[in-house]
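1. Need coordinates for the below:
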Amino acid sequence: MVRILHASDLHVGDCEPVLLEALLDAVCALAPDLLVLTGDLTDAGRKRQFAALADWLAGCPALVVACPGNHDLPVFYLA
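-> So this is what the prediction gives:
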């Protein structure tokens with residue numbers, strides 16, 4: 001059996017770091033085969049927010065599939 005865990009709207013950059021730590025703890029405890037992230041992974045699509053997301057994902061033991069949301073587009077400098 002494959003175990004899938006779904007989380008949405010992380011809003012890295014606006015979310016309290018303790019909540020992201022708690023989510024990572026839950027992912028580690030549940031040990032899913034796949035983590036599906038949907039919605040707004042970052043709060044404003046800024047490079048530092050994606051860097052923080054990458055750091056968070058580096059601690060994730062599961063394979064990750066992600067689908068960005070509207071907040072993952074940069075607010076400024078769309079070019």
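2. For residue 4, which non-adjacent residue is closest in space?
-> Nearest residue to residue 4 in three dimensions, chain neighbours excluded: residue 34, at 4.8 Å (CB to CB, 6 or more residues apart in numbering). Bear in mind the C-beta positions are built from the backbone N, C-alpha and C, glycine included.
3. Phi and psi next, for the one you found.
-> Note on residue 34: its backbone torsions stand at phi -140, psi 130 [degrees, to the nearest 10].
4. Point out where this structure drops to low pLDDT.
-> Scanning the chain for pLDDT under 70 picks out the ranges 76-79.
5. hey, where'd the strands end up in it?
-> Under the criterion DSSP state E, the chain carries strands at the ranges 4-8, 34-38, 63-67.
6. before we move on, the earlier item: isn't the residue nearest to residue 4 right up against residue 65?
-> Yes. Under the criterion of CB atoms under 8 Å, residue 34 is in contact with residue 65, at a separation of 6.5 Å.
7. check contacts around residue 74.
-> Contact criterion CB atoms under 8 Å, 6 or more residues apart in numbering gives 44, 45, 46 as the residues in contact with residue 74.
8. go on, residue 3?
-> Residue 3 is in contact with 30, 31, 32, 33, 34, counting by CB under 8 Å, 6+ apart.
9. please redo it, this time with the cut-off set to 10 Å
-> Residues counted as contacts of residue 3 (CB atoms under 10 Å, 6 or more residues apart in numbering) are 30, 31, 32, 33, 34, 35, 62.
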